[in-house]
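> Sequence and predicted structure below; questions after.
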Number of protein chains: 2
Amino acid sequence: MTGRVLIVGLGPGAAEWITPEASAAIEAASDIVGYSPYVERLTLRANQRVHASDNRVEMERARLALTLAVEGRKVAVVSGGDPGVFAMAAAVFEAVEDDSQWLKLDIQVAPGITAMQAAAARLGAPLGHDFCAISLSDNLKPWGVVERRLRAAAEGDFVVALYNPASKARPTRIVQAFDLLRSLKAPATPVAFARAVGRAEEALALTTLGEADASLADMATLVVVGSSETRFVLRDGERPWMLTPRAYGARR
Amino acid sequence: MTGRVLIVGLGPGAAEWITPEASAAIEAASDIVGYSPYVERLTLRANQRVHASDNRVEMERARLALTLAVEGRKVAVVSGGDPGVFAMAAAVFEAVEDDSQWLKLDIQVAPGITAMQAAAARLGAPLGHDFCAISLSDNLKPWGVVERRLRAAAEGDFVVALYNPASKARPTRIVQAFDLLRSLKAPATPVAFARAVGRAEEALALTTLGEADASLADMATLVVVGSSETRFVLRDGERPWMLTPRAYGARR
């Protein structure tokens, strides 16, 4: 077979965060498969076929990409952020088992900058020590699993990056998560809301777990909740830096 | 002040994973500060000053960068991977409090592809669901904190990316970590050793927690330990894909 699938991470939105590998993959593709807002970011040639689709149809998108590759097409499946982090890579590798032809395909992943890295870069160094990434979406997992993981993250005193903190269908996930974390962590724990980092509507807000206003989070927001070591580094007239020091317990 | 510090992530080693932002930051810098092997990767102009240093002197490197910036220099602090993940960003933001001049500086972070993303891209989609990143280095934290976090990661059934799994001074960290995880997780849990991904000496090995040979890990290795959902997708004559499905419990 001559076709192949390249699962490409476009990063959070800014062109300066798209890797040369990702750019080359888009350039070399005969077919682009992806969620419409991601496909719309791209500058394509007239002879590149575009297969844009709605949200929440990841498996259909994955199967379409694999079908096109078996036909000999060079397919780029585009994903925001890193396709390996709450994005399209898992969907494609879940789908490959459905057809023995698909298991023979050349499939590669081009990683990208994911939302927590973009947020961390703007905030200072909130992920400077051990951390977890948890999606608050319960479309594909029971909410009990989310709660179990939030408890474990608090027990391990990890910094926590919360993906998909709220959606129109379920605006209260982040409210429930904050309530649970407040029962387990100090009210002074630093919290950041990082919205649409790298895009025109970028907005950052710093607060504490005790005072965090869950209504600041939407689907474009990445929420970072600190560990017991995370602190704000205050500056005159500027937003404080958010820092999780490399050493544990050193300054306490 | 006209000087500034840009903390730049070079990714795991491959040029195709260096973002345009990082390349531009190196190009624009008057001074490059970093650990020698990272500085040596760069193609620099004759009028760019290089300040290469040994490992384990992160704070000295951070202070040098801040001192140069106060003198008006445009400093790039280079880091492998993502500077925000077990790298130089935390050191710089820890140092800024030592001098009121440093707190006034323009400091920015350019994120990069970190080792677990590069490893995940080669392996399939092992980070396709909630995960933790834990450094096994106990240079700056008590080993008890590492154990607490490994226990919590198992309790939360996270996929775990283990950074700094072994060093010449402490080759047994990964042995101890595997022993602890074996007491808490199933022997069939998929494990991957991803060494030097993106560099000439790249090597991947797949195994299970029950059979994992800790001697495969050195300081250039990223170890991924699956959740209860992580599995291998078998292929004829090729390395299996490592997959953590997006759904929790769906196929069991």
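Perfect, thanks for sending it.

> check contacts around A:Ala25.
The contact partners of A:Ala25, by CB atoms under 8 Å, 6 or more residues apart in numbering or on different chains, come to A:Leu6, A:Val8, A:Ala76, A:Ala110. For glycine as for every other residue, the C-beta is placed from the backbone atoms N, C-alpha and C.

> For the residues you listed, give me TSV that also has neighbour count.
Output for those, formatted as TSV (neighbours: other CB atoms under 10 Å in any protein chain shown):
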residue	neighbour count
A:Leu6	24
A:Val8	32
A:Ala76	27
A:Ala110	30
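
> Also near chain B: which of the residues you listed, exactly?
Filtering those for proximity to chain B by CB under 8 Å from any CB of the partner chain leaves A:Ala110.

> wait, which of the contacts of A:Ala25 is closest to chain B?
Comparing the contacts of A:Ala25 against chain B with CB to the nearest CB places A:Ala110 closest, at 6.8 Å.

> Please name the residues that touch the closest one.
A:Leu6, A:Ile7, A:Val8, A:Gly9, A:Thr19, A:Glu21, A:Ala22, A:Ala25, A:Pro83, B:Ala121.

> Pull up the residues of the stretch 151-252 of chain A that are close to chain B.
Within the stretch 151-252 of chain A, the positions near chain B by CB under 8 Å from any CB are A:151-153, A:155-158, A:233, A:235-236, A:241, A:243-250.

> which of these are buried?
Among these, those buried by neighbour count (16 or more other CB atoms under 10 Å in any protein chain shown) are A:151-153, A:155-158, A:235, A:241, A:243-246, A:248.

> before we move on, back to that, narrow the contacts of A:Ala25 to those in strands?
A:Leu6, A:Val8, A:Ala76, A:Ala110 (DSSP state E).

> Quick check: the second one touching A:Asp82?
Spelled out, it's A:Val8. No. Using CB atoms under 8 Å, A:Val8 makes no contact with A:Asp82, being 10.2 Å away.

> Which neighbours do these two have in common?
Counting by CB under 8 Å, 6+ apart, the contacts common to A:Val8 and A:Asp82 are A:Gly112.

> mind listing the strands for chain A?
Secondary structure of chain A (DSSP E): strands at A:4-9, A:31-35, A:49-53, A:74-79, A:106-110, A:124-125, A:131-135, A:159-163, A:190-195, A:203-208, A:221-225, A:231-235, A:238-243.

> what mean pLDDT would you report for the third one?
Think strand A:49-53. Here strand A:49-53 scores 94 as its mean pLDDT.

> Repeat that for the fourth one.
With pLDDT averaged residue by residue, strand A:74-79 scores 97.

> can you give me the helices in chain A?
Taking DSSP state H to define them, one finds helices in chain A at A:20-28, A:36-39, A:58-70, A:88-95, A:115-123, A:143-155, A:173-182.

> Lowest mean pLDDT across these, which one is that?
Per-stretch mean pLDDT for these is lowest at helix A:36-39 (a mean of 92).

> hang on, the earlier thing: what would the contacts of A:Ala110 look like in JSON lines with distance to A:Ser100?
Putting the contacts of A:Ala110 into JSON lines (distance: CB to CB, whole Å) gives the following:
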{"residue": "A:Leu6", "distance to A:Ser100": "21"}
{"residue": "A:Ile7", "distance to A:Ser100": "20"}
{"residue": "A:Val8", "distance to A:Ser100": "25"}
{"residue": "A:Gly9", "distance to A:Ser100": "28"}
{"residue": "A:Thr19", "distance to A:Ser100": "32"}
{"residue": "A:Glu21", "distance to A:Ser100": "29"}
{"residue": "A:Ala22", "distance to A:Ser100": "30"}
{"residue": "A:Ala25", "distance to A:Ser100": "26"}
{"residue": "A:Pro83", "distance to A:Ser100": "24"}
{"residue": "B:Ala121", "distance to A:Ser100": "24"}
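
> Quick one, which of those residues are buried?
A:Leu6, A:Ile7, A:Val8, A:Gly9, A:Thr19, A:Glu21, A:Ala22, A:Ala25, A:Pro83, B:Ala121.

> so how far does stretch A:190-204 reach from one end to the other?
13 Å (CA to CA, to the nearest Å).

> How about residues contacting that stretch?
With contacts defined as CB under 8 Å, 6+ apart, stretch A:190-204 is touched by A:11-14, A:17, A:115, A:118-119, A:121-123, A:126, A:205-209, A:212, A:216-218, A:220-226, A:230-232, A:239, A:242.

> May I see the buried residues of it?
A:Pro190, A:Val191, A:Ala192, A:Phe193, A:Ala194, A:Arg195, A:Ala196, A:Val197, A:Gly198, A:Glu202.

> that older thread, sort the buried ones among the residues of the stretch 151-252 of chain A next to chain B by pLDDT and name the bottom one.
Note: of these, the lowest pLDDT belongs to A:Tyr248, at 88.

> Phi, psi for it please.
In terms of degrees, to the nearest 10, the main-chain angles of A:Tyr248 are phi -100, psi 120.

> same deal with A:Arg41?
The phi/psi pair for A:Arg41 (degrees, to the nearest 10) is phi -70, psi -20.

> Next: the one 4 residues further on.
Reported as degrees, to the nearest 10, the phi and psi values for A:Arg45 are phi -80, psi 160.

> Now for it, how many residues are close by?
A:Arg45: 9 surrounding residues under other CB atoms under 10 Å in any protein chain shown.

> Mind pulling up the pLDDT for it?
So A:Arg45 comes in at 95 (pLDDT).

> Generate the ChimeraX command that creates a selection of the buried members of the contacts of stretch A:190-204.
Restricted to buried positions by 16+ other CB under 10 Å, the ChimeraX selection for the contacts of stretch A:190-204 reads:
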select /A:11,12,13,14,17,115,118,119,121,122,123,126,205,206,209,212,216,217,218,220,221,222,223,224,225,226,230,231,232,242
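
> Could you confirm whether stretch A:53-67 reaches chain B?
Yes. Residues of stretch A:53-67 contacting chain B under CB under 8 Å from any CB: A:Glu58.

> any low-confidence regions in the stretch 151-252 of chain A?
Applying pLDDT under 70 to the stretch 151-252 of chain A flags residues A:250-252.

> cutoff 50 now
Along the stretch 151-252 of chain A, the parts satisfying pLDDT under 50 run over A:252.

> that older thread, pull the most distant pair out of the contacts of A:Ala25.
The most widely separated members of these, counting by CB to CB, are A:Ala76 and A:Ala110 (8.7 Å).

> shared neighbours of the two, which are they?
Both A:Ala76 and A:Ala110 are in contact with A:Leu6, A:Val8, A:Ala25, where contact means CB under 8 Å, 6+ apart.

> Kindly reformat the residues you listed as JSON lines containing distance to B:Phe178.
Listed next are the shared contacts of A:Ala76 and A:Ala110 as JSON lines, based on distance: CB to CB, whole Å:
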{"residue": "A:Leu6", "distance to B:Phe178": "34"}
{"residue": "A:Val8", "distance to B:Phe178": "34"}
{"residue": "A:Ala25", "distance to B:Phe178": "36"}
